[in-house]
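A.B. asks: Sequence first, predicted model second:
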Amino acid sequence: AFCLMENKQFCAILKYQRLSTKESDMPKRTKLKEEIMFAAAVVEKRLAQHFKVHLGLLAMVLSF
């Protein structure tokens, strides 16, 4: 997925979608990786909180 930004055809599609797009506007592999890792960390925190709450409720129900 990170190599996709170096694919000429993919970049052409991005430019076609927005004609004012310049080469310098295209995200580089490092930026793309940073954005994906940040989004994954946010989701991981949300899931941990979700399961913490639900597992806590489950433990309360099973203890009765």
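C.D. replies: On my side now, so go ahead.

A.B. asks: mean confidence for the helix or strand where residue 51 lies?
C.D. replies: Here residue 51, judged by DSSP states H and E, is contained in helix 29-63. Mean pLDDT, computed over helix 29-63, is 80.

A.B. asks: Pull out the buried positions in that helix.
C.D. replies: For helix 29-63, the neighbour count (16 or more other CB atoms under 10 Å) marks residue 32 as buried. Every residue, glycine included, has its C-beta placed from N, CA and C.

A.B. asks: Distance from the chain centre to it, please.
C.D. replies: Using CA atoms, centre = their mean, to the nearest Å, the mean C-alpha position of helix 29-63 is found 13 Å from that of the whole chain.

A.B. asks: Give me the packing partners of that helix, helices and strands only.
C.D. replies: Applying 3 or more CB pairs under 8 Å, 6 or more residues apart in numbering; DSSP states H and E, one finds that helix 29-63 contacts no other helix or strand.

A.B. asks: so how many other residues sit close to the nearest residue to residue 21 once chain neighbours are set aside?
C.D. replies: Distances taken as CB to CB, 6 or more residues apart in numbering put residue 15 closest to residue 21, at 4.7 Å, once the chain neighbours are dropped. By the criterion of other CB atoms under 10 Å, residue 15 has 15 neighbours.

A.B. asks: Send me the host helix or strand of residue 15 as CSV with only the CA atoms.
C.D. replies: Take DSSP H and E as the rule and residue 15 turns out to sit in helix 8-17. The C-alpha trace of helix 8-17 is given here as CSV (Å, rounded to 0.1, in the frame of the first residue of the first chain):
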residue,chain,number,x,y,z
LYS,A,8,2.5,6.6,-12.0
GLN,A,9,-1.0,5.4,-12.9
PHE,A,10,-2.3,5.9,-9.4
CYS,A,11,-0.8,9.4,-9.2
ALA,A,12,-2.4,10.1,-12.6
ILE,A,13,-5.8,9.2,-11.2
LEU,A,14,-5.3,11.5,-8.2
LYS,A,15,-4.4,14.3,-10.5
TYR,A,16,-7.3,13.6,-12.8
GLN,A,17,-9.7,13.8,-9.9
